[in-house]
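Chemist: Prediction below, plus the sequence it came from.
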Amino acid sequence: MKPRTRRLGWILGGLAVLGVAAAMVLNAFRSNLVFFYTPTQIAAKEAPQGRPFRVGGLVESGSLTREPNTLIVHFRVTDTAKTIPVTYTGLLPDLFKEGKGVVAQGTLGADGIFHASEVLAKHDENYMPPAAADAVKQAHEGMTMKSLVQTQEGGR
Amino acid sequence: MIPELGHFALILALLVALAQAILPLVGAAFDQPRLMALARPAARAQFLLVALAFGCLAASFVANDFSVQNVASNSNSELPLHYRVAATWGSHEGSLLLWTLMLSGWTLAVSIFSRNLPQALLARVVSVMGLVSVGFLLFLLFTSNPFERLLPPAPEGRDLNPLLQDPGMVFHPPLLYMGYVGFSVAFSFAIAALIGGRLDATWARWSRPWTTVAWAFLTVGIALGSGWAYYTLGWGGWWFWDPVENASFMPWLTGTALIHSLAVTEKRGVFRSWTVLLAILAFSLSLLGTFLVRSGVLTSVHAFATDPARGIFILAFLALVIGGSLTLFAWRAGAVGLGGGFELISRESSLLANNILLVVAMASVLLGTLYPLFLDALNLGKISVGLPYFDAVFYPLLAPAVFLMGVGPVTRWRNAPLPELAARLKWALAVAIVTALLLPWVLGRWTPLIALGLFLALWIVTSTIVNLRQRLQSSHRRGLLAKLAANSTSYYGMLLAHLGVAVFIVGVTLVKGYESEQDVRLDTGGSVTAGAYEFRFLGVTPGPGPNYRALTGTVEVRKDGQLIETLRPEKRIYNASGQPMTIAAISTGILGDRYVSLGEPLANDDVRGAWGVRIYLKPFVDWIWVGAFIMALGGFLAVSDRRYRLAVRRRDAPASDAAASVAAAE
């Protein structure tokens, strides 16, 4: 093989491998993005049903109940304007408390209840998850942001 | 007085760093030996000054001087002494001071151990490190002064984050920073080579040991962080793809590519531009990691800082370093040259493929880490990228890379005909495949992923045996010991590091394949079965700790009705902060861990009532960290190679002579 042909082969081969790798990465990326919605957005039916997403806000005071003899818990997440009921099976994190910030990941059921597969509270007493803080702030300013993300969702 | 002394030492260090950054560089440009000779004393003076500042901060922590803001926010008089010392680097300011201390330490080490370096090269290397130091000292002094006074002094400190009150956290940051900052040496060598326009095998041999040591430290640092997460966060995970972890993993991936590409540059003189680019990239990612963790852009336990001025400063610094060095690269890469050619199937090409896979893997982590931040910063919505993305990307990218780990070391440089290569490796391949297919049946459950993981681990082992056997057979010496001694320690270091990867893969594969996780509700006296074990919960008892109150659970573990151990997981409430903390009870063994942690009290009476308890079996999980330590050990072993020291002893020998001796040793 001539050196020039060989070099061309190298470059083409390398580009092909990189192209496949990039396509694979981007595809995995697209199908694994988890979007975030505030309780107000969910109340306005902006959140998708069936697809997992995250909801954030404060755990409403007095809303936490446990079903006896199981690990099933119910609580409500509020951004001070709207609330959404959440149900979760499992152990809650150390810093989960009524009145404190929380982020839950899961799916919205047809019954309007958010079925969480994961509940996150952050590792510092004085610290509120930014997503939760944002939800509260947005609710205060009375705006529901139509994000680019949702426009894409609609267009798909 | 002591804090002011420290502050003053930092200011002096900045002045020295400025001199160190400018004068030797100018000297090298205009061939002024007297200016270049300033590099060494400047490096020494800077190290002493930064060490003095660091000592002053540590002394303030030990003495509980709550008139210092940093101490008041991150320590407490109840905190045990060793954690007060560790609290020195537990805060944003303190950890940046540690960063700077490490940097000046590495600079000092370079100035001491590189006496054989041409004066101009050493001057440039030390200057570039001085420039980086200037950036960090400015940052410390203007945005994050660790010696800030608090008036009036606080009567008591706010305490160190309980999560950081742990032996793992005492060592994790310094080791991680040793790695991060260590890449600054490779970076400085690369920049010096670009400025000087000379980059050859000798250059690669000089920068190689530094890079390998930095990589080894980074490996241990990451492993400690992962181990810490496993036993402190209380839910048994060892890697979360958290942005903070990614921040340290990206330089590691790039650094791994860099040490391999440096090997090729040293042995064969090729991949020069690529090596330089990787060196720039590895250090840039270290800086990016520091930025991500320290500027408060992330929402994680490591991000204590929330001051936007800091973020902007680091971002500007980052842009300057990365932009500047890439511009220099674009301008000067031509002078450095590409080096010779090689065939499609050769050790060069397998290392190149490996490099590309590692860099693509790094890029995919970068995408998953930065994209959510960009969207958020541009107000386009909040998203998160979860575990499934990284799983989907990493298996297909790293599986071929690991396969190449077996092929590469057996393959000849320049040109390796495929039939010959296949003949050499066929038994290794056959043994690995057959064993990997059968072993999961024996272990209890067969899945393609388990078989694949085991195959990759076994493949590394069998191909390593083939490699070693071949080396010994081709040796002309008599006797096994003499044959073994004929190989360089860097060769054994490479084998050891590769075996470490095999051990790591076994750990990951088996823990992912066979772990059992149960979150259960247990009344006092209740029990649950996991695998061959029965766990019986005997309730909790309250008790005091040095600076916390604890509820200690008692869990008896039985196998075949026999009591084999009693585990005592804890729930702590720290006095100063009121923060709760879960301390898991872990029974460690070579075949796996039994892991028990207390969730939460489910009844109103938290002493006598039912609790949510996590009962996990983690087979072979410790192999993950042992594997990482073996990798690092391999790195240190490789650096102890004679040829790196030989060059030091014969400091007056011309560079070409030293290069010839290495070529002969090969």
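Modeler: Looks like it arrived, so ask away.
Chemist: Tell me if stretch B:548-563 is near chain A.
Modeler: No - for a cut-off given as CB under 8 Å from any CB of the partner chain, stretch B:548-563 has no contacts with chain A; the smallest distance is 12.4 Å. Any C-beta I mention is one placed from the backbone N, CA and C, and that applies to glycine too.
Chemist: Number of residues surrounding the nearest residue to B:Phe342 once chain neighbours are set aside?
Modeler: Once flanking residues are discounted, B:Phe342 sits nearest to B:Glu348: 4.1 Å by CB to CB, 6 or more residues apart in numbering or on different chains. B:Glu348 is flanked by 26 other residues according to other CB atoms under 10 Å in any protein chain shown.
Chemist: what about the helices in chain A?
Modeler: Assigned by DSSP state H, the helices in chain A fall at A:3-31, A:39-43, A:130-141, A:148-155.
Chemist: thinking again about what came up before, please settle this for me: is the residue nearest to B:Phe342 part of a helix?
Modeler: Yes - according to DSSP: H, G, I helix; E, B strand; the rest coil, B:Glu348 belongs to a helix.
Chemist: Distance check, it against B:Asn354.
Modeler: Applying CB to CB, to the nearest Å, the value for B:Glu348 to B:Asn354 is 11 Å.
Chemist: and what of A:Ile113?
Modeler: 49 Å.
Chemist: So between the two, which is more surrounded?
Modeler: Comparing A:Ile113 with B:Asn354 by other CB under 10 Å, the one with more neighbours is B:Asn354, at 22 against 15.
Chemist: Contact residues of the stretch 451-600 of chain B facing chain A?
Modeler: Contact residues (CB under 8 Å from any CB) of the stretch 451-600 of chain B with chain A: B:519-521, B:577-582, B:599-600.
Chemist: Put the buried members of these into a PyMOL selection.
Modeler: Buried members of these, defined by 16 or more other CB atoms under 10 Å in any protein chain shown, are picked up in PyMOL with:
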select buried, chain B and resi 519+520+521+577+579+580+581+582+599+600
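Chemist: Could I get the residues of the stretch 451-600 of chain B next to chain A in JSON lines, plus columns for secondary structure?
Modeler: Listed next are those as JSON lines, based on three-state DSSP:
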{"residue": "B:Asp519", "secondary structure": "strand"}
{"residue": "B:Val520", "secondary structure": "strand"}
{"residue": "B:Arg521", "secondary structure": "strand"}
{"residue": "B:Ser577", "secondary structure": "coil"}
{"residue": "B:Gly578", "secondary structure": "coil"}
{"residue": "B:Gln579", "secondary structure": "coil"}
{"residue": "B:Pro580", "secondary structure": "strand"}
{"residue": "B:Met581", "secondary structure": "strand"}
{"residue": "B:Thr582", "secondary structure": "strand"}
{"residue": "B:Gly599", "secondary structure": "strand"}
{"residue": "B:Glu600", "secondary structure": "strand"}
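Chemist: other SSEs contacting the helix or strand hosting B:Gly453?
Modeler: If you go by DSSP states H and E, B:Gly453 is part of helix B:448-474. Judged by 3 or more CB pairs under 8 Å, 6 or more residues apart in numbering or on different chains; DSSP states H and E, helix B:448-474 is in contact with helix B:387-407, helix B:418-443, helix B:480-485, helix B:489-514.
Chemist: Highest mean neighbour count out of those helices?
Modeler: helix B:489-514 (a mean of 21; mean count of other CB atoms under 10 Å in any protein chain shown).
Chemist: What is the neighbour count of residue 74?
Modeler: Here I'm looking at chain A. Counted by other CB under 10 Å, the residues lying close to A:His74 total 14.
Chemist: Can you look at chain B instead?
Modeler: So B:Asn74, with other CB under 10 Å, has 26 neighbours.
Chemist: Leaving out sequence neighbours, find the closest residue to it.
Modeler: B:Asn74 sits nearest to B:Ser91 (CB to CB, 6+ apart), 4.4 Å away.
Chemist: wait, what's in contact with that neighbour?
Modeler: B:70, B:73-74, B:146, B:304 (CB atoms under 8 Å, 6 or more residues apart in numbering or on different chains).
Chemist: where does the stretch 251-400 of chain B have low pLDDT?
Modeler: For the stretch 251-400 of chain B, residues meeting the criterion pLDDT under 70 lie at B:295-308, B:336-341.
Chemist: Helices of that one, start to end?
Modeler: Counting by DSSP state H, counting those that start in this stretch, the segments of the stretch 251-400 of chain B that form helices are B:272-294, B:308-336, B:347-377, B:387-407.
Chemist: looking at these, which is buried most?
Modeler: helix B:272-294 comes out most buried of those by mean count of other CB under 10 Å, with a mean of 25.
Chemist: buried sites along the helix or strand hosting B:Trp210?
Modeler: Assigned by DSSP H and E, B:Trp210 belongs to helix B:201-232. Using 16+ other CB under 10 Å as the test for burial, helix B:201-232 gives B:201-232.
Chemist: other SSEs contacting that helix?
Modeler: Applying 3+ CB pairs under 8 Å, 6+ apart, one finds that helix B:201-232 contacts helix B:167-196, helix B:243-268, helix B:272-294, strand B:580-583, helix B:622-639, helix B:642-649, helix B:655-665.
Chemist: residue closest to the middle of chain A?
Modeler: Centrality entry for chain A: nearest residue to the mean C-alpha point is A:Arg54, 2.5 Å, by CA atoms, centre = their mean.
Chemist: Look at that residue and report its pLDDT.
Modeler: A:Arg54 is assigned a predicted lDDT (pLDDT) of 88.
Chemist: Repeat that for A:Lys137.
Modeler: Taking A:Lys137 on its own, its pLDDT is 62.
Chemist: one step back: looks like the residue nearest to B:Phe342 contacts B:Val270 (just checking).
Modeler: Yes - contact criterion CB atoms under 8 Å: B:Glu348 and B:Val270 qualify, at 6.1 Å.
Chemist: shared neighbours, these two?
Modeler: In contact with both B:Glu348 and B:Val270: B:264, B:342, using CB under 8 Å, 6+ apart.
Chemist: got the domain boundaries for chain A?
Modeler: Chain A is divided into the following domains under automatic domain parsing: A:1-33, A:35-144.
Chemist: Of these, flag the one that's most buried.
Modeler: Mean neighbour counts were compared across those using mean count of other CB under 10 Å; the top stretch is domain A:35-144, at a mean of 18.
Chemist: quick one: that one to chain centroid distance?
Modeler: On the basis of CA atoms, centre = their mean, to the nearest Å, domain A:35-144 sits 10 Å off its chain's mean C-alpha point.
Chemist: Kindly report the same for stretch B:539-548.
Modeler: 35 Å.
Chemist: List the buried residues for that stretch?
Modeler: Within stretch B:539-548, the residues scored as buried using 16+ other CB under 10 Å are B:539-540, B:547-548.
Chemist: before we move on, what about stretch B:48-68?
Modeler: So for stretch B:48-68, counting by 16+ other CB under 10 Å, buried means B:48-61, B:64-66, B:68.
Chemist: Ok, stretch B:467-474 next?
Modeler: Result for stretch B:467-474 [16+ other CB under 10 Å]: buried residues B:467-468, B:471.
Chemist: Of those, which is the nearest to chain A?
Modeler: Comparing the buried residues of stretch B:467-474 against chain A with CB to the nearest CB places B:Asn467 closest, at 25.7 Å.
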